[in-house]
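Q: give me a 3D structure for the following:
(2 chains)
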Amino acid sequence: MPPPALLQLDQVTIRFGGLTAVSAVDLAVTEGALVGLIGPNGAGKTTVFNLITGVYQPTAGTIALAGRPLAGLRPHRLAALGIARTFQNIRLFGSLSVLDQVLVACNLHRPTSPVQALVRLGAFQQGEAAMRQRAEELLGLFNLLRFRDQPARSLSYGDQRRLEIVRALATRPRLLLLDEPAAGMNPAEKQALIALIRQIHQEFKLTILLVEHSMRVVMGLCERVAVLDHGEKIAEGTPAEIQNHPAVIAAYLGVDHQTALTHH
Amino acid sequence: MESKVQSPKSGIPGPHLALVGALLVAGGVGLCSDWIDPYHLDVLTNIGINVILAVSLNLVNGHTGQFSLGHAGFMSVGAYLAAAVTLNLAPRLFGPDGGAAGPTALLFLGALLAGGLAAALAGLLVGVPSLRLKGDYLAIVTLGFGQIIVVLFQNFEPLGGALGLNGIPPYTTVGWVLAWAAVAVFTVGCLVRSTYGRGFLAVRDDEVAAAALGLDPTRYKTVAFVVGAFFAGIAGGLYAHFRLTITPGGFDFTKSIEIVVMVILGGMGNTLGVILAAVLLTLLPEVLRPVAEYRMILYSLLLIGLMLVRPQGLFCFKRGRTN
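A: Down below sits the predicted model:
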């Protein structure tokens, strides 16, 4: 018997007016898995992320986390349930320092109430110190601690992407959604990113769902890959199966190319 | 974990020392007020009231990034309620010749708190439905609220209607005002300078990202709105017992704009800058008194000039506006 799915999408559909952006997608991500979600531009990958994180509500179908249906829950509630994400276009807080970006994400597990921020007695001080220590540990793990007091936007592009991952980890997620973590990275950075994702996957005992264009990253990391095209799931399997799947080749290269290839 | 995690210095935390210090200064100035020129006292009291208004609005407009144009409305709620409390209770409790210092101070404190809480409640009622709106839309809704409040007071005869309330006992002293200003600065400062309070800035910078980290944007905005309204109400109560007469027209849209200008000029989200801007903008019309009829023209020109030269806020040196 397979382990129960941590994340289960069942016939999930969303329409924006006349446009069906995601159509009857089924997807099961088992606890501890590292799954890739790929597809051409506009296939609906980020929309699937927005559905899982409550930014959009599905027009039809259900999404469940560890068997619990997520319908109607707003994004901050889903974050509290253990879903964290990064964004395709980096969304760091413009006016916060590197350390504060991570500290703000520690709020989910803040030991003190807001009123204690005014009273500022022992419990508050200890709580603040503990969160600070945890944020610094996380930053240290990603080699970002040296930037702790700098504004986030002064970081290099790759560092900003990694800071977004640190920030997501600070919420102590069960499920981490990474939206194109390797976008804009050079080959060396991509290699380092693969090692990093593998490391956090093991160290934090995370389940990771990853949207990525870089085949190198997807093939290097994922145990399973699902392929979206025009909002529909056209294939799912191991990286090797996906690479040779005719529907996938057609989606990426177009049907003419495929027929051309088979004819030669 | 047996080691104390970077245990804070034992004893009273720094912000509290600053607050106690500020309250002592306020008390000291209050005691010395007999030796201070009445005109200067007047200006100082005005400055204190404007600091409370600007710092509290800064929590909403600056730190949380919600453009509210209704601050004068909350101020009027506090002013009317506090004035109504003292006007009704003071004669009954103390008779026609006023009362001893102690009991009147208690009554005044109670009246101010009642005004502040009423304003906070108004903030909650306005905030919960409207804070889902963004930017311009929120500005328009709060503007509408401010107008509605003015019209309500104008037509509510038990509170004097368009003539307003007169003969309010002169309880406000410079000591009271400075003490409340210290409390307002302390509250806003402590809220923002905590892990919890970083959430206000996060919500301002990027609501979607903040929600993805488990922060409830609506909740943060509501808290900012309610705390801001509370202090606006306190400032209103102080204002009423300082002017001794209040009319609905005194809390109209131009008053809200005046406070917004202080926040913008000080640099959105910069508490020290906003305090300095409140001081400057209260002093400016006074300094310009010699030029008489050209005063407001010069004042407006100075504002335009300041905005052209320092759009990020007069006293903002740390960072430019977020892009």
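Q: quick one: the helices in chain B?
A: Using DSSP state H, the helices found in chain B span residues B:14-32, B:38-57, B:71-94, B:101-130, B:135-155, B:174-192, B:195-205, B:207-212, B:217-243, B:253-266, B:271-287, B:295-309.
Q: can I get the ones you listed in JSON lines with mean pLDDT?
A: Below are those laid out as JSON lines (pLDDT from 0 to 100):
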{"stretch": "helix B:14-32", "mean pLDDT": "83"}
{"stretch": "helix B:38-57", "mean pLDDT": "94"}
{"stretch": "helix B:71-94", "mean pLDDT": "93"}
{"stretch": "helix B:101-130", "mean pLDDT": "93"}
{"stretch": "helix B:135-155", "mean pLDDT": "91"}
{"stretch": "helix B:174-192", "mean pLDDT": "93"}
{"stretch": "helix B:195-205", "mean pLDDT": "93"}
{"stretch": "helix B:207-212", "mean pLDDT": "94"}
{"stretch": "helix B:217-243", "mean pLDDT": "95"}
{"stretch": "helix B:253-266", "mean pLDDT": "90"}
{"stretch": "helix B:271-287", "mean pLDDT": "90"}
{"stretch": "helix B:295-309", "mean pLDDT": "82"}
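Q: how about TSV for those helices, with mean neighbour count and distance to A:Arg162 added?
A: All C-beta spots, glycine's among them, are computed from the backbone N, C-alpha and C. Shown next, in TSV, are those (neighbours: other Cβ atoms under 10 Å in any protein chain shown; distance: least, Cβ to Cβ, whole Å):
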stretch	mean neighbour count	distance to A:Arg162
helix B:14-32	15	34
helix B:38-57	22	37
helix B:71-94	24	41
helix B:101-130	19	37
helix B:135-155	17	32
helix B:174-192	23	27
helix B:195-205	25	19
helix B:207-212	22	16
helix B:217-243	27	25
helix B:253-266	21	35
helix B:271-287	20	32
helix B:295-309	12	39
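Q: of these, which approaches A:Ile63 most closely?
A: helix B:207-212 (15.7 Å; Cβ to Cβ).
Q: what residues does the stretch 151-300 of chain B have near chain A?
A: Within the stretch 151-300 of chain B, the positions lying close to chain A (Cβ under 8 Å from any Cβ of the partner chain) are B:187, B:190-191, B:193-199, B:201-202, B:204-206, B:208-217, B:223, B:269.
Q: just for chain A, where's the confidence low?
A: Chain A contains residues with pLDDT under 70 at A:1-3, A:255-264.
Q: how close does the residue most central in space within chain B sit to chain A?
A: In chain B, the residue lying closest to the centroid (Cα atoms, centre = their mean) is B:Leu53, at 2.0 Å. Noted for B:Leu53: a distance of 20 Å to chain A, by Cβ to the nearest Cβ, to the nearest Å.
Q: quick check: that residue touching B:Phe230?
A: No - applying Cβ atoms under 8 Å, one finds B:Leu53 not in contact with B:Phe230, separated by 12.0 Å.
Q: distance check, the nearest residue to A:Arg15 once chain neighbours are set aside against A:Leu51.
A: In this structure, A:Arg15 finds its nearest non-sequential neighbour in A:Thr59, 4.9 Å apart by Cβ to Cβ, 6 or more residues apart in numbering or on different chains. Distance, A:Thr59 to A:Leu51, by Cβ to Cβ, to the nearest Å: 10 Å.
Q: can you tell me the helix or strand for A:Val12?
A: According to DSSP states H and E, A:Val12 maps onto strand A:5-16.
Q: which element follows that strand toward the C-terminus?
A: Remark: after strand A:5-16, the chain's next helix or strand is strand A:19-30, criterion DSSP H and E.
Q: can you give the strand pairings for the next helix or strand after that following strand, parallel or anti for each?
A: Downstream of strand A:19-30, the first helix or strand assigned by DSSP H and E is strand A:34-38. The pairing partners recorded for strand A:34-38 under DSSP bridges are strand A:207-211 (parallel), strand A:224-229 (parallel).
Q: quick one: the first one to strand A:19-30, angle?
A: Calculated by axes from the mean of the first three to the mean of the last three Cα atoms, to 10 degrees, strand A:207-211 forms an angle of 150 degrees with strand A:19-30.
Q: and strand A:207-211, how far from the chain's centre?
A: Relative to its parent chain, strand A:207-211 has a centroid offset of 5 Å by Cα atoms, centre = their mean, to the nearest Å.
Q: thought B:Ala202 was touching B:Ala211?
A: No - the pair B:Ala202 / B:Ala211 is not scored as a contact, 9.6 Å apart, by Cβ under 8 Å.
Q: can you pull out the strands in the stretch 151-264 of chain A?
A: Counting by DSSP state E, counting those that start in this stretch, the stretch 151-264 of chain A has strands at residues A:175-179, A:207-211, A:224-229, A:232-237.
Q: out of those, which comes closest to B:Ala79?
A: For the strands of the stretch 151-264 of chain A, the distance to B:Ala79 is smallest for strand A:175-179, at 50.4 Å, taking Cβ to Cβ.
Q: how big is the angle separating the closest one from strand A:5-16?
A: Inter-element angle recorded for strand A:175-179 and strand A:5-16: 40 degrees (by the same axes, to 10 degrees).
Q: can you tell me what sits against strand A:175-179?
A: Defining contact as Cβ atoms under 8 Å, 6 or more residues apart in numbering or on different chains, one finds that strand A:175-179 is touched by A:6-7, A:29, A:45-46, A:49, A:52-53, A:65, A:82-88, A:165, A:168-169, A:197, A:200, A:206-212.
Q: among those, name the ones in helices.
A: Using DSSP H, those in helices are A:45-46, A:49, A:52, A:165, A:168-169, A:197, A:200.
Q: turn those residues into JSON lines, columns for distance to chain B and neighbour count.
A: Output for the ones in helices among the contacts of strand A:175-179, formatted as JSON lines (distance: Cβ to the nearest Cβ, whole Å; neighbours: other Cβ atoms under 10 Å in any protein chain shown):
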{"residue": "A:Lys45", "distance to chain B": "17", "neighbour count": "25"}
{"residue": "A:Thr46", "distance to chain B": "12", "neighbour count": "19"}
{"residue": "A:Phe49", "distance to chain B": "10", "neighbour count": "22"}
{"residue": "A:Ile52", "distance to chain B": "11", "neighbour count": "24"}
{"residue": "A:Ile165", "distance to chain B": "12", "neighbour count": "22"}
{"residue": "A:Ala168", "distance to chain B": "8", "neighbour count": "26"}
{"residue": "A:Leu169", "distance to chain B": "11", "neighbour count": "20"}
{"residue": "A:Ile197", "distance to chain B": "19", "neighbour count": "24"}
{"residue": "A:Ile200", "distance to chain B": "17", "neighbour count": "20"}
